[in-house]
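Asker: What follows is a predicted structure for the sequence shown.
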Amino acid sequence: MANTMMDEEDPYIWLEEVESPESIEFAKSANAKCLAELGNPSETDTYKRVLTALQSDDRIPHVRMLGYDEDTGDMLLYNFWRDANSPKGIWRKTTMQQYQSDDTEWTTVLDLDKLAEEEDISWVWKGYTALPRSLDSQSGGPMGRVTRVLLNLSRGGADATYLREFDLLTESFVDAENGDGFYLPEAKTRASYKSRDVLLVGADTGEDSMTSSGYPRTVREWKRGTKIEDAPIVFEGEKTDVSCGQYLVDESNREGGDVYEVRSRSISFYDRYTYVKKQSSSDDFVKMAVALNTGVSLYGRWMMIRLKADWDANDNGSDKTFKSGSFLYVDAESFIEFSKAKEAGDEDAIKNCQVEYRILFEPTATTSYSGYSTTKSYLILYILDDVKEQLKFYKLGEGDGPFVQVGGDEQGQIRSVSASPVDSRTSDLIFETTSSYISPSKLVLADANKVGTDDYVVSELKTLPEMFNSSELEVSQHFAVSKDGTRIPYFMICKKGMKLDGSTPTLLYGYGGFEVSLGPRYVTSVGISWLERGGVYVEANIRGGGEYGPYWHQQALRENRNLCYEDFIAVGEHLVDSKVCSPQTLACRGGSNGGLLTGNMLVQAPDLFQAIHIAVPLLDMKRYSKLLAGASWMAEYGDPDTDDWDNFLHKYSPYHNIDVNRDKYPNVLVTTSTRDDRVHPAHARKMVKKLWDLGEGKNWPVYYYENIEGGHGGASDSRQEAFMTSLSYDFMWRALTNSLSKKE
């Protein structure tokens with residue numbers, strides 16, 4: 001019988017005080033106990049090799065183009081880089097000519113280690129938002145350069161960041177104290193340029209400026225030299241919304257395109273109202289006439305529409321119903337007029353609207369839309385076919401003519417591929433990166449105009465050398481059958497000719513939520529920490545993810561959440577039945593929503609696993625919506641303050657389903673970060689404390705480590721990442737090889 005304590009006062013609620021002396025002491029004491037029993041990861045070979053790989057100068061320095069050098073006309077490329085000398089990282093630049101050389105010369109733009117030392121803050125890079133050249137009178141036009149950016153710097157790796165404006169011409173921060181520069185203190189801020197001297201910003205400006213999920217509730221139009229509190233509110237949502245935002249989309253460089261202003265009010269994690277207007281128009285914003293869970297974007301003259309539910313002819317103004325999972329395009333101006341008529345309820349105007357939808361992609365039983373990128377003249381479509389990726393190239397038609405497919409993959413491949421535009425405003429060049437589980441990443445410069453020809457690759461830019469020995473490894477795809485008969489795909493990486501006798505240490509990884517798809521990519525840390533030792537690595541594409549489109553995700557929402565756990569168990573059992581491993585040689589690992597998954601493996605299938613790693617997890621589903629960003633996930637899990645708790649949520653709340661009558665649980669490692677401001681560290685803390693208390697005198701081996709920095713990623717620099725990787729993989733390997741009592 002499970003000890004639920006569902007109707008009792010939570011005796012461990014004190015651990016929800018993130019930085020209280022008692023909570024910090026609990027974390028430090030648990031850390032010391034963990035390292036005393038498992039050993040110090042930084043002293044292991046695993047740590048040293050993983051750190052070497054993470055800091056290797058042979059890694060591919062991926063870049064973003066931020067304009068052209070005014071003297072040479074060469075492209076300016078920027079990269080953020082961490083290595084042994086710069087653990088926090090440097091932001092640096094080079095030119096395309098240099099980037100194509102074997103020995104690229106870089107110039108440092110910002111040294112984060114130096115900044116952290118000067119300001120005595122453990123800064124973590126969180127990216128930037130550039131001032132578009134088309135909005136900047138000082139950029140020099142389309143062939144000019146980006147002059148300013150909004151840097152996002154995090155304290156210790158948290159999601160909340162400080163916003164600081166940075167000048168790329170002087171390579172220094174713009175002074176905010178005299179009113180010249182934009183600066184905002186720590187918050188989950190969202191900001192973008194409306195012009196050189198005006199920001200569209202959602203920020204924490206006091207009471208009611210943020211939603212109950214901790215994200216911006218209002219948008220202000222903030223002019224340079226004024227106080228953010230005095231900036232007028234131009235758009236706002238409700239306190240119970242997830243967030244709201246506003247931004248510009250400049251498609252004026254493409255035929256029939258324009259500059260659009262877009263507003264988005266997210267009423268749940270998946271549902272949002274989208275409003276659009278031409279910037280030059282005096283008309284009000286128009287609410288788009290699409291279902292709330294529909295994705296809307298703009299490309300040239302076209303509005304791109306991604307459906308997550310069937311779109312009935314009566315709703316879309318045509319004579320056809322479009323399938324969920326389809327990707328459509330329609331003339332943007334016509335669709336705005338149609339939406340205006342729909343919003344006004346003007347039936348005559350609706351009938352007079354000329355909206356012609358064209359289908360770019362329609363899903364089948366095995367295929368799903370995965371995303372798209374654009375160059376000046378091409379749209380590159382990403383498709384999954386049984387979780388194997390394909391690229392399709394479409395050229396913009398002339399005038400209002402349809403897109404024309406001009407090339408791409410004929411079938412899916414077990415690999416990861418991305419095609420990022422070098423400069424989508426002026427060029428059809430792309431950075432194409434490919435990799436697979438055991439094939440290192442390769443980056444080439446390609447020309448979309450030459451797709452399908454021998455001249456497609458302009459130059460081979462960078463190739464990552466092998467970071468682990470994969471010569472004897474092979475990758476295969478298999479299918480398990482879940483409890484309800486659904487086929488669940490999974491990828492397996494193992495030694496060629498592996499003996500199927502159940503003795504091979506096997507690690508099963510999963511996520512299963514938020515329509516996130518798992519798929520092939522080079523697994524450096526897994527290769528070093530697991531595969532080279534002779535282990536098997538498995539990734540399960542369970543429901544809740546996006547591997548087969550919206551329906552694959554939607555099947556496992558709320559009251560049907562049990563399906564993703566049944567899927568994961570089915571894959572584990574299939575591995576055992578296939579004699580890849582046995583319960584004594586099977587471990588599982590997952591983080592965040594995947595931590596909820598592995599937490600449920602602990603309480604739902606403890607006899608299937610010998611070791612479980614539960615990372616940065618959700619575990620207390622009774623209180624999750626009250627902790628940090630938890631309220632934003634109720635569309636995924638349900639609302640515990642309603643009948644949802646009694647009807648289904650309590651069934652998959654690991655914190656409430658620990659079985660006090662069990663004499664034995666598998667070996668468990670729980671990890672989190674004090675600075676995680678997305679998933680509260682109390683989930684991990686409370687679960688561990690409860691397991692320790694209820695398991696006293698029983699065979700419940702539970703280890704806990706809380707990184708004081710790291711944010712939701714669990715680590716804020718390479719050393720911390722190597723430390724946490726070694727801690728996790730060495731723990732699981734030793735648990736499966738009966739050597740936990742011996743410290744390596």
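Answerer: Thanks, I have it. From a predicted model like this one, the values you see are computed outputs, not experimental measurements.

Asker: Would you agree S517 falls within a helix?
Answerer: No. Read with DSSP: H, G, I helix; E, B strand; the rest coil, S517 is coil and lies in no helix.

Asker: so it touches V387, yeah?
Answerer: Yes. Contact criterion Cβ atoms under 8 Å: S517 and V387 qualify, at 7.2 Å. For the C-beta atoms, the positions are set from N, CA and C on the backbone; glycine is no exception.

Asker: what about the two, which has more around it?
Answerer: V387 (23 against 19; other Cβ atoms under 10 Å).

Asker: Contact partners for that one?
Answerer: G412, Q477, P489, F491, S517, L518, G519, N541, E547 (Cβ atoms under 8 Å, 6 or more residues apart in numbering).

Asker: switch to 10 Å and redo it
Answerer: Listed by Cβ atoms under 10 Å, 6 or more residues apart in numbering, the contact set of V387 reads 366, 368, 370, 412, 414, 477, 489-491, 517-520, 539, 541, 545, 547-548.

Asker: need the strands for the stretch 401-550 of the chain, in chain order.
Answerer: Using DSSP state E, counting those that start in this stretch, the strands of the stretch 401-550 of the chain run over 404-408, 416-421, 429-435, 442-447, 457-463, 473-481, 487-495, 506-509, 536-540.

Asker: residues making contact with the fifth one?
Answerer: When you say that, I think you mean strand 457-463. With Cβ under 10 Å, 6+ apart as the contact definition, strand 457-463 has outside contacts at 58-63, 96, 99-102, 104, 422, 429-433, 440-447, 450.

Asker: change it to 6 Å
Answerer: The contact list for strand 457-463, computed with Cβ atoms under 6 Å, 6 or more residues apart in numbering, reads I60, Q100, K442, L443, V444, L445, A446, D447.

Asker: Turn the strands of the stretch 401-550 of the chain into CSV, including distance to K579.
Answerer: Shown next, in CSV, are the strands of the stretch 401-550 of the chain (distance: least, Cβ to Cβ, whole Å):
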stretch, distance to K579
strand 404-408, 39
strand 416-421, 30
strand 429-435, 30
strand 442-447, 35
strand 457-463, 37
strand 473-481, 13
strand 487-495, 12
strand 506-509, 11
strand 536-540, 11
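
Asker: Include distance to K340 and mean pLDDT when you put those into TSV, please.
Answerer: Formatted as TSV, those follow (distance: least, Cβ to Cβ, whole Å; pLDDT from 0 to 100):
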stretch	distance to K340	mean pLDDT
strand 404-408	30	96
strand 416-421	32	96
strand 429-435	36	98
strand 442-447	40	98
strand 457-463	44	97
strand 473-481	48	98
strand 487-495	44	98
strand 506-509	48	98
strand 536-540	46	98
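
Asker: Can you say which of the ones you listed is nearest to L619?
Answerer: L619 lies closest to strand 506-509 among the strands of the stretch 401-550 of the chain, at 18.2 Å (Cβ to Cβ).

Asker: Return the alpha-carbon coordinates of that closest one using CSV.
Answerer: Listed next in CSV are the C-alpha coordinates belonging to strand 506-509 (Å, rounded to 0.1, in the frame of the first residue of the first chain):
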residue,chain,number,x,y,z
THR,A,506,21.7,-1.1,-20.4
LEU,A,507,20.6,2.5,-19.9
LEU,A,508,17.1,3.6,-21.0
TYR,A,509,16.5,7.3,-21.4
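
Asker: The spatially closest residue to S122 that is not a sequence neighbour: neighbouring residues, count only.
Answerer: Nearest non-adjacent residue to S122, counting by Cβ to Cβ, 6 or more residues apart in numbering: G156, 5.1 Å away. Per other Cβ under 10 Å, the neighbour tally for G156 reads 19.

Asker: Verify the contact between G156 and I121 for me.
Answerer: No. G156 is beyond contact range of I121, at 8.5 Å (criterion: Cβ atoms under 6 Å).

Asker: that older thread, mind listing the shared neighbours of S517 and V387?
Answerer: Common contact partners of S517 and V387 (Cβ under 6 Å, 6+ apart): E547.

Asker: From the centroid of the protein, which residue is nearest?
Answerer: Among the residues of the chain, the one closest to the centroid is V516, at 7.8 Å (Cα atoms, centre = their mean).

Asker: Now do the contacts for that one.
Answerer: G545.

Asker: repeat that for 7 Å
Answerer: Neighbouring residues of V516 by Cβ atoms under 7 Å, 6 or more residues apart in numbering: G545, G546.

Asker: Ok, Y47 next?
Answerer: Taking Cβ under 7 Å, 6+ apart, we find Y47 in contact with P41, A722, F723, S726.

Asker: mind checking the SS state of A30?
Answerer: Assigned with three-state DSSP, A30 falls in the helix class.

Asker: between the strands of the stretch 401-550 of the chain, which gets nearest to K188?
Answerer: Taking these one by one with Cβ to Cβ, strand 416-421 is closest: 26.1 Å.

Asker: Neighbouring strands of the closest one in the sheet, and parallel or not?
Answerer: Partners of strand 416-421 in the sheet, by DSSP bridges, are strand 429-435 (antiparallel).

Asker: where in the protein is pLDDT low?
Answerer: For the chain, applying pLDDT under 70 flags the ranges 1-8, 709-716, 741-744.

Asker: from what I can see R254 touches A332, true?
Answerer: No. Between R254 and A332 there is no contact under Cβ atoms under 7 Å: 11.1 Å.

Asker: and T107, what are its bridge partners?
Answerer: Beta-bridge pairing for T107 (DSSP bridges): K93.

Asker: I figured it hits I90, correct?
Answerer: No. With contacts counted by Cβ under 7 Å, T107 stays clear of I90, the gap being 10.0 Å.

Asker: So which of the two has more stuff around it?
Answerer: Set side by side, T107 and I90 show more neighbours around I90, with 21 against 11, by other Cβ under 10 Å.

Asker: buried residues in stretch 142-152?
Answerer: By neighbour count on 16 or more other Cβ atoms under 10 Å, the buried set for stretch 142-152 is G144, R145, V146, T147, R148, V149, L150, L151, N152.

Asker: my bad, should have said stretch 16-26
Answerer: Buried residues in stretch 16-26, counting neighbours by 16+ other Cβ under 10 Å, are found at E16, V18, S23, F26.

Asker: In strands only, show me those.
Answerer: Among those, no member is found in strands (DSSP state E).

Asker: export those residues to CSV and tack on distance to P402?
Answerer: CSV is the format used below for the buried residues of stretch 16-26 (distance: Cβ to Cβ, whole Å):
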residue, distance to P402
E16, 55
V18, 54
S23, 59
F26, 62
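
Asker: In helices only, show me those.
Answerer: Among these, the residues falling in helices (DSSP state H) are S23, F26.

Asker: and which of the buried residues of stretch 16-26 is nearest S243?
Answerer: Nearest to S243 among these: V18, at 21.9 Å, using Cβ to Cβ.

Asker: and that closest one, what does it touch?
Answerer: T674, P681.

Asker: which one of the buried residues of stretch 16-26 is nearest S282?
Answerer: Nearest to S282 among the buried residues of stretch 16-26, counting by Cβ to Cβ, is V18 at 48.2 Å.

Asker: mind pulling up the phi and psi values for G245?
Answerer: With angles defined as degrees, to the nearest 10, G245 sits at phi -160, psi 170.
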